[in-house]
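[1] Predicted model and sequence follow; I will ask about them next.
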Amino acid sequence: MLVDVVYALPYKQYLIHVELATGSTVKQAIITSDILYLRPELNLIKNKVGIFGTFVTLDDTVYHGDRIEIYRPIVAKPKDLLQRREYKGIKNVK
């Protein structure tokens, strides 16, 4: 089966296609993708992971076509970001 492992930085994105055996886990997919070698700062204990935007654990089973996402920690509070946008004159689009 084929799955994608993705990791996004502000100015660089990784999208790695991985072929796995049926019944493989999220952790196995991430290890097979070699993203941990490309981005050594990734820590599977600290970084949360998800499939199509839904949080999952490393032991969850993946299925053909899944998109495994490795999330970065939040570095700013959403309220602070909103205030920064308002200061720069950027309006919120609703």
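    Structure received.
[2] who's in contact with the residue nearest to the spatial centre of the chain?
    Closest to where the C-alpha atoms of the chain average out (Cα atoms, centre = their mean) is Ile70, at 2.3 Å. Residues near Ile70 by Cβ atoms under 8 Å, 6 or more residues apart in numbering: Val5, Val6, Tyr7, Ile30, Ile35, Leu42, Asn47, Lys48, Val49. Just so you know, the C-beta spots here come from the backbone N, C-alpha and C atoms, and that holds for glycine as well.
[3] ok, 10 Å please
    Neighbouring residues of Ile70 by Cβ atoms under 10 Å, 6 or more residues apart in numbering: 5-8, 14, 26, 30, 33, 35-36, 39, 42, 44, 47-50.
[4] same question, Thr57
    Each residue near Thr57 by Cβ under 10 Å, 6+ apart is listed here: Thr25, Val26, Lys27, Lys48, Val49.
[5] quick one: pLDDT of the fourth one?
    Predicted confidence (pLDDT) at Lys48: the value is 92.
[6] what's the spacing between the closest residue to it other than its chain neighbours and Ala21?
    In space, and not counting its chain neighbours, Lys48 is closest to Tyr71: 4.6 Å by Cβ to Cβ, 6 or more residues apart in numbering. Taking Cβ to Cβ, to the nearest Å as the measure, Tyr71 falls 25 Å from Ala21.
[7] quick one: which of the two has more around it?
    Tyr71 (13 against 8; other Cβ atoms under 10 Å).
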